[in-house]
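Engineer: Below is the sequence, then the predicted model.
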Amino acid sequence: MPSPPSPPSPPSPSAPTGPPVSAAPPSASRPPGPDTAEAGDEGKPAGEAEPGGEVPPVPAIGRTWPVGTRPPVVRGWEPPATPYARGHRGVDLAAPPGAPVRAVAAGRVSFAGRVAGRGVVSVELTATGLPPLRTTYEPVRASVREGDQVSPGQVVGTVEPTGRHCARSCLHWGLRRGETYLDPLSLLPPWLRRTAPSRLLPVLGVPLP
């Protein structure tokens, strides 16, 4: 007599199920921002110097004063302690209204127009590195246009009547390399900066007039 079939085994309990686990998304690369190399080398804002680096010396390439022969310096260069601190970012030279304003060195006019009601002329100086040195003259009624090439001593405008910057009529002369303000008088070689005018000495054997 055949034995009865064995009852089927109960199904083994299944493991608890849960929501499917998705794979972790790959990390996205950080988009370039203002503090990366897209704005300046080595991840610094454009125009900043290397940490601990020194500002390159200013070459004495000036061939003339901006106004006059040796105009009195009404107020000298007073570098600010911080980029936003008080100071005098240039020099003020005594000059009457209408006095011709000359480019101290060769370069290209990078701006000629009005800023806050004042006439301004800026000139990028030729062969002064990157970023180039840039001189600024104000208040000036410009006689040049942006993009013009100028030579040393070329007239770029005339002094406008002074507003509030000087007690008397003057020309404000500035110098920058990138965002760093520099002393514009450093552009002038010693023979131009002498306070006393040069004297012609008599030649022996030639009678004086």
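Structural biologist: Yep, that arrived.
Engineer: what helix or strand is residue 191 on?
Structural biologist: With elements delineated by DSSP states H and E, residue 191 resides in helix 190-193, which encompasses its position.
Engineer: Mind listing what's buried along that helix?
Structural biologist: Within helix 190-193, the residues that qualify as buried are residue 192, counting by 16 or more other C-beta atoms under 10 Å. Every C-beta, even on glycine, is put in place using the N, C-alpha and C of the backbone.
Engineer: contacts for it?
Structural biologist: The list of residues contacting helix 190-193 from outside it, by C-beta atoms under 8 Å, 6 or more residues apart in numbering, reads 60, 62, 63, 64, 65, 70, 185.
Engineer: let's see 7 Å
Structural biologist: In this structure, residues lying in contact with helix 190-193 by C-beta atoms under 7 Å, 6 or more residues apart in numbering are 62, 65, 185.
Engineer: so who does the second one touch?
Structural biologist: For residue 65, the contacting residues are 71, 192, taking C-beta under 7 Å, 6+ apart as the criterion.
Engineer: quick one: which helix or strand includes it?
Structural biologist: When secondary structure is defined by DSSP H and E, residue 65 falls outside every helix and strand.
Engineer: What pLDDT does the model give it?
Structural biologist: On the pLDDT scale, residue 65 is placed at 97.
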